[in-house]
Structures are given as structure tokens and as C-alpha cells.
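A.B. asks: Sequence plus the predicted model coming up.
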Amino acid sequence: MSLVTGTHLAKAYGAEDIFAGVSVAIPHGARIALVGSNGSGKTTLLRILAGLEEPSQGEVYRAKGVGVGYLPQEAALYSEGTLWEEMLTAFANLRAREAELSQLEAAMADLAHASRDGVMEKYGPLQHQFELDGGYAYENKIRQVLTGLNFEPDDYHKPVEILSGGQKTRALLGRLLLESPDLLILDEPTNHLDIHAVEWLENWIGEWGGAAVVVSHDRYFLDQTVDAVWEMQFGALEEYRGNYSAYLTQRAERRARRLAEYQAQQERVAREQEYIRCNIAGQNTKQAQGRRRRLESLLAGPKAQTGRSAQVYGRVDERAFRPQEAQTIKLRIETDLRSGDRVIETKDLAVGYQDPKGRSGDGKVLFRAPDVLLWREECAALVGPNGAGKTTFLKTLLGEIAPLEGSVKLGSSLKVGYFAQAHERLNPENTVLDEVRLTRELPLGQARDYLAKFLFTGDDVFKKVAVLSGGERGRLALAKLALEGANLLLLDEPTNHLDIPSQEILEAVLADFPGTILLVSHDRYLIDALATQVWSVEGGALEVFKGSWSEYVAWKEAMQNPKSQIPSSKGQGTRGKEEGAGGGGQVNQQSAIKKQKSLERRRAARLSELENSIAALERRMAELTTDLEAAGADIARVKALGEEYAQVEAELAARMEAWAALAE
């Protein structure tokens, strides 16, 4: 029996339908991702499954005694106690039994030997069960969870009310994990977590025995944690098996199949219409009238159900529709200005900020860097825990904060574009339209057309920045960035608040960007797709690795386990002075690396598209073979099916030839 089951669920707010006809089941031990564009109803469905909101239609059934833990998207823990005291509440039952055992121990110590036996008979089973239930380990569990979520021992006894907003969110997540309910429903659990904390959470979920339903924009996290994906789109839900990458492949295959079915049905409809036109007034008028009635019934009939194949016209009365495409941003970031080869150089650099209360020259050093060099057309990913100094480093490059020690040098012919994590460069009092026209003087109509590419339509362009959501601010900041024509992009968490379709578009655009990128991000999926260097800030030092994120992870694992072989790679980690930093050969090499990554990405996407199309065409040929066998003596039907078979066969041969050439 499933832990939670929802049947024929629908939700509407007034006249606006959010979704309808949604049926889901969450079995024991499930790991499910709920994905979809912003506004598609994901959070609403989670709240309904958690019992916090009622559906407009349908029923939710929960197994008897099932415990459900829910982490809202904008979660925060509110408590008058300390962080440690709040974590202890997850073990209230164990602590009550612990107190009972203490009372029994005291009683045994006070009673005479002869009276002690009855108390010991009660104490023994209670103590055994207490041990089995983890009674002697719960404090260690608390420490493990708090450490994993980046709390320091000094934080344990701080009042919750003085913690930052991000710390309160992590505290609530920590308490939920310690409570270990049968089902965890997590809405953006990786918000406010750095890469180390996200990796810890991945491992925790992997070892946990309960079920989980997760909404997250972190594609790498979903790849590591889930074995099923629910896609919420256009008011309906479809299920896929496997992790996020498997879902992408299956989604492309389904769309290709449905598009082929739609096109095949359109061709059959066109042939029927031609037959009706030619025969409605002739000897075959009765047949033409019958075909017209069936055709009218088909075209007026219901749409084929989501998730089902639209059947061949003539077998069922279902109309196939062209697969819908979600509305996404249309982004291009281009530059006509070529920079010098040496883009960013540092020497004896200490990054930090001046102490406003200290003497001149005093300051707090966040980290020290080796003498790094970033070449034109490279992408360096700057990673590290929250508060390590990553944003401070970007502001040091921009000249907004002076280096505490050493120097930073930017190359020649540079135009810098900066995407700020908190979008502080957007004026809260300006409208969306004002912000774009301040970046580049555009005619009103052209500016509105441009903003429509970033999903700001109608009166949206007159909204003030102050009332925009996080996702809307992110899209506006990208719209401004794309107008600047920069050839050096400093990007501070550019995928924050963007839904997954927008992240995928941004990734593709940055992969083709002809300039240089310094990327601060927790998005490992994005880093792995773009980075030619990884700059890791940890323990007050910057470590430089020349290679991709996957190569960096493998290198770190090999360093931690010396017995394993360190993978061969173009890169190596350095903490001291940069070696081998000179020479145009390296410029060409790094440029070639980035271009090759972009070409490989496009090649892989085209191969996947061809494979999905080939599979759909092969299935169509199998259907046509069955239909031909069933047509018997119906000469007209045999002729039509034969023509379509020849057309599909020719198209399949062309696709196979294209696939073979690309694969070689």
C-alpha cells in the first residue's frame, strides 16, 4: 500500500485552473522529483499531498499512522529556544524514556537489595528498547546533521531568533531530517545550502529508508537523489522513470513520438478531405458522406489523453494535437569586442574587507590566492562555502573593494558585465521598462518587444522592481546583461530563482558565448557544462584546478584516497604560484577546449534528437505493417498505407544516414 495516494486531483483559484485530473501514488521508499516551470502548480500539489491545502476536486488518501514532514520553499524556523534545544524536540519520545530510565536507576540505587528485583525487571526491557531505538546516539545524530548543514559548534547554543534567514531555513530542514518521518516533502531544500552541504544532503537521502518528494531547480541534486520524475506542465502531470537525466531523454522521445503521430494524423485528415471533395457529388457520395461524418467527429472530439499515444485515425475517435511547448526566455549574449589574451591576473592577492572600526590598513582577510591567470575564452568556476569571500572577490575585480594585499590586473579591451546575486544593481523604484532603457536607449516599442523575450508582457513591463519575485528579478538582470555587449562576464549565482527550462537556455547561451566567464555558482550541472578551470575557496585559501568539475571531483577523491589512481587530466590543483602561465599556445589550447565542449554539447543533443526520431519512425513502420495485414482486400486503404509506408521508410533511411555520419 502507498503512503499517500491522490486521485483525480484538481485545483483552481477563482476562475483560474491550476491543474486537473492529477492522480499520483507515493510508495514506501520512493524518491520522486516534481519538476515544471514556475507557476505550473508544483508547490500547490505538494501542499495538498502534505494535507496543508484542500483540492478543489479529488481525494487524498494517507496510510494509517503515516508521518509526513514538509519543508516549505520560503521556510524558516521560529523558536524561543536555542538551536540545540530545537533539534532535541525531534527526539521528545526518546528523551521521555531516557528520563524514565533515570528515575528507575535512582530507585534501584535507593532500594534495598531485596526490593530491587522488581524495578530491574521493568528497567531491563525498557533499557534494551531504548538502545535499539538509538537512545544513546541521538546527540551524535544532531551533531552530524548540524555539521552537514554547515552549522559551527559555536552556533549550537545560540537563540534561534538571532540566526540569519538562511540559517533558520537550514535549522528547520535539520529538525525535519532528525524527525525521520515516513515521507519527506521538500520544496527547494537546497536553497541556502552551499555545494558541500548539498552533497551531504544527497548522501543522507541516499542512506535514508523513508520516501521523499522533492521540488528543486538543482539538476545535479536531482540526478543524484531521485528514481522517478513527475512533470507538471499545462495543468496536467506525467510520470517518468529514472533520474533527471533519464527524464530528459524520455521527455524528448515522447515529444518526438507525439509529433510524429500528430503529423501522420494530419496527413490522413488531408487525404480524407481530398477524397470527400472529389467524391461528395459523384458515384461514391455515400462513402464520402460517411467519411465526412467520421472526420467531423474526429476533429470535434476530445484530445488524446496526456501520456497515451494518439491512436491511428479510424481505430479510435481521438484527435491528436501538436505537442505544446512551455513558454521560455529567448536569450542571446553576444559581443563584438575582442579582449586581450590575458583577461584576469592576480599577484600576492589577499581578498577581504576593511574593518570600519579599525585603523587604516586593518581588515579581515577572507582568503589568499595564488597568482592566477585567466585566459580569453576560458570559464573559471569559483566555488566554496557561503561566507568564504566569493562575492567579495568579484567586487575586488570590479574595483568596488580594494585588495587587502597584492594586486588585481584586468586585461586590455575589456568590457565587464556583472550579474549580482542579490540583484542590488536593480533600482527598486524603477519599472522593468525603465531598467532596460537605462541600459540601452531603445524605442518604447522595441524595448517592450525585447522584454517579451524574457516573459515580461502587457502591463508586466510597468511593474516596479520592488514588487518583482526572485525569478522575475533574475530574468530582468539577464535581460540587462544581454544588452551590455560585455566580453567578460562576472556571474554571481545566475541560476538562482530560475526555473529549469530557463537554466537550460542560459547554459546553452553561455556555452556559445565568445568571451570570458568567471562564474560563482552552487549549480554543479552548470559548472560541469562550462568550466575549464575550478577555483575552490576553502580554509582561507584559493585552490586552482585546471579542468572540468567532473575532473576536479575525481581528483579530490583520488587525493583523499592515495591508494586509488589519480585520473589523468589536463588540470592539476595548485595553492602556490601559478606555473606555466605564459605563452599563446595555452590561449589557443584553452579556447579550443571551450569550443570543443560547445560542439560536443550540440553534437550530443543532435544525436539524441535523431535517436528519438528514429525510434518513433520504427514504431510507426511496425504499426503500418500491422495495418497493411489487417486491410485485406480494401484496395484504397492498402494503397494509402503503402504510400505512407514508403514515405516513412525513406525518412527513416535519411535519419539513419545522418545519425551514422554524426556518430562517426
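C.D. replies: In hand now; what should we look at?
A.B. asks: how about low-confidence regions in the stretch 301-450 of the chain?
C.D. replies: 301-317, 355-362 (pLDDT under 70).
A.B. asks: can we see that at 80?
C.D. replies: Along the stretch 301-450 of the chain, the model assigns pLDDT under 80 to residues 301-320, 325-327, 354-363, 422.
A.B. asks: One more: the stretch 101-250 of the chain?
C.D. replies: If you take pLDDT under 80 as the line, the stretch 101-250 of the chain has these spans: 105, 107-121.
A.B. asks: What are the boundaries of the helices in it?
C.D. replies: For the stretch 101-250 of the chain, the helices defined by DSSP state H, counting those that start in this stretch occupy 116-132, 138-148, 165-179, 195-207, 219-225, 244-279.
A.B. asks: now for the third one, which elements pack on it?
C.D. replies: The contact analysis (3 or more C-beta pairs under 8 Å, 6 or more residues apart in numbering; DSSP states H and E) places helix 165-179 against strand 68-71, helix 83-88, helix 138-148, strand 183-187. Quick note: C-beta positions are derived from backbone N, CA and C, even for glycine.
A.B. asks: Any idea which of those gets closest to residue 367?
C.D. replies: helix 138-148 (21.4 Å; C-beta to C-beta).
A.B. asks: how about that closest one: buried residues?
C.D. replies: Judged by neighbour count using 16 or more other C-beta atoms under 10 Å, the buried positions of helix 138-148 are 138, 141-142, 144-146, 148.
A.B. asks: Tell me which of the helices of the stretch 101-250 of the chain is the most buried.
C.D. replies: Burial of these is given as mean neighbour count (mean count of other C-beta atoms under 10 Å); helix 219-225 ranks first at a mean of 23.
A.B. asks: Using a markdown table, lay out the helices of the stretch 101-250 of the chain together with distance to residue 7.
C.D. replies: Below are the helices of the stretch 101-250 of the chain laid out as a markdown table (distance: least, C-beta to C-beta, whole Å):
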| stretch | distance to residue 7 |
| --- | --- |
| helix 116-132 | 38 |
| helix 138-148 | 35 |
| helix 165-179 | 27 |
| helix 195-207 | 27 |
| helix 219-225 | 26 |
| helix 244-279 | 23 |
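A.B. asks: Could you check the helices and strands packed on helix 165-179 and tell me which one is nearest residue 487?
C.D. replies: strand 183-187 (38.5 Å).
A.B. asks: Tell me which other helices or strands that closest one touches.
C.D. replies: For strand 183-187, the packing partners by 3+ C-beta pairs under 8 Å, 6+ apart are helix 42-49, strand 68-71, helix 165-179, strand 211-215.
A.B. asks: quick one: which of the helices of the stretch 101-250 of the chain is nearest residue 104?
C.D. replies: helix 116-132 (4.5 Å).
A.B. asks: shouldn't residue 476 be in contact with residue 433?
C.D. replies: No. Between residue 476 and residue 433 there is no contact under C-beta atoms under 8 Å: 10.2 Å.
A.B. asks: More neighbours: which of those two?
C.D. replies: Comparing residue 476 with residue 433 by other C-beta atoms under 10 Å, the one with more neighbours is residue 476, at 22 against 19.
A.B. asks: Return the distance of the helix or strand containing that one from the chain's centre.
C.D. replies: Using DSSP states H and E, residue 476 falls within helix 470-483. Centre-to-centre, helix 470-483 and its host chain are 18 Å apart (C-alpha atoms, centre = their mean, to the nearest Å).
A.B. asks: Give me the helices and strands touching it, please.
C.D. replies: Applying 3+ C-beta pairs under 8 Å, 6+ apart, we find helix 470-483 packed against strand 416-419, helix 432-439, helix 444-452, helix 500-511.
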